[in-house]
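Enquirer: Sequence below, structure please.
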Amino acid sequence: MNEVAIYNETKEEFPYKDIIEKVADKAFEIERLKNASCSIIIVDNDYIHKLNKEYRGIDRATDVISFALEDDKSMVIPDNIRLLGDIYISLDKAKEQAVLYGHSLERELCFLAVHGIYHLLGYDHETEEESKVMFKKQEEVLEAYGITR
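Expert: The predicted structure is shown next:
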């Protein structure tokens, strides 16, 4: 059984937990993951700025950061269990981007969660070809769940 744990570390009300869990489950289903889990932590710009600076050397807030446990070869994980890692999403950035891109905050948060999941699964968007693959997969998940622009 797959599991997605969502934690709101902001002081704001967060009514998006259920939809994000469902979209994450849809991504796991489409990718045929079994016994996989991840955490999604909702934070503010200050918190994600500190993470971005400390772990990526980038001195600014960002929208989403993923920490993939499977990248750490020293981790000992029981057979048949995939502990994917943690995804941090800035609620502040999600709000800004929802306005910028002209869609709902719900859609933006779901996109960022799915984006983070694909990073945990080893996908990236450093090259044009990688971007095409990753963004196609993300859109497939969102569309399968009925979340469109």
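Enquirer: For residue 86, give me the backbone phi and psi.
Expert: When read as degrees, to the nearest 10, the backbone of residue 86 gives phi -120, psi 140.
Enquirer: For it, give its distance to residue 140.
Expert: 24 Å (Cβ to Cβ, to the nearest Å). In this view, the C-beta of every residue, glycine as well, is placed from N, C-alpha and C.
Enquirer: Below-threshold pLDDT in this structure: ranges please.
Expert: Within the chain, the set of residues satisfying pLDDT under 70 comprises 71-79.
Enquirer: rerun at 50
Expert: Across the chain, not a single residue meets the criterion (pLDDT under 50).
Enquirer: Please enumerate the strands of it.
Expert: Secondary structure of the chain by DSSP state E: the strands cover 3-8, 36-43, 64-68, 82-90.
Enquirer: Any chance of those strands in CSV with mean neighbour count and distance to residue 149 as columns?
Expert: Shown next, in CSV, are the strands of the chain (neighbours: other Cβ atoms under 10 Å; distance: least, Cβ to Cβ, whole Å):
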stretch, mean neighbour count, distance to residue 149
strand 3-8, 16, 23
strand 36-43, 22, 21
strand 64-68, 19, 18
strand 82-90, 23, 19
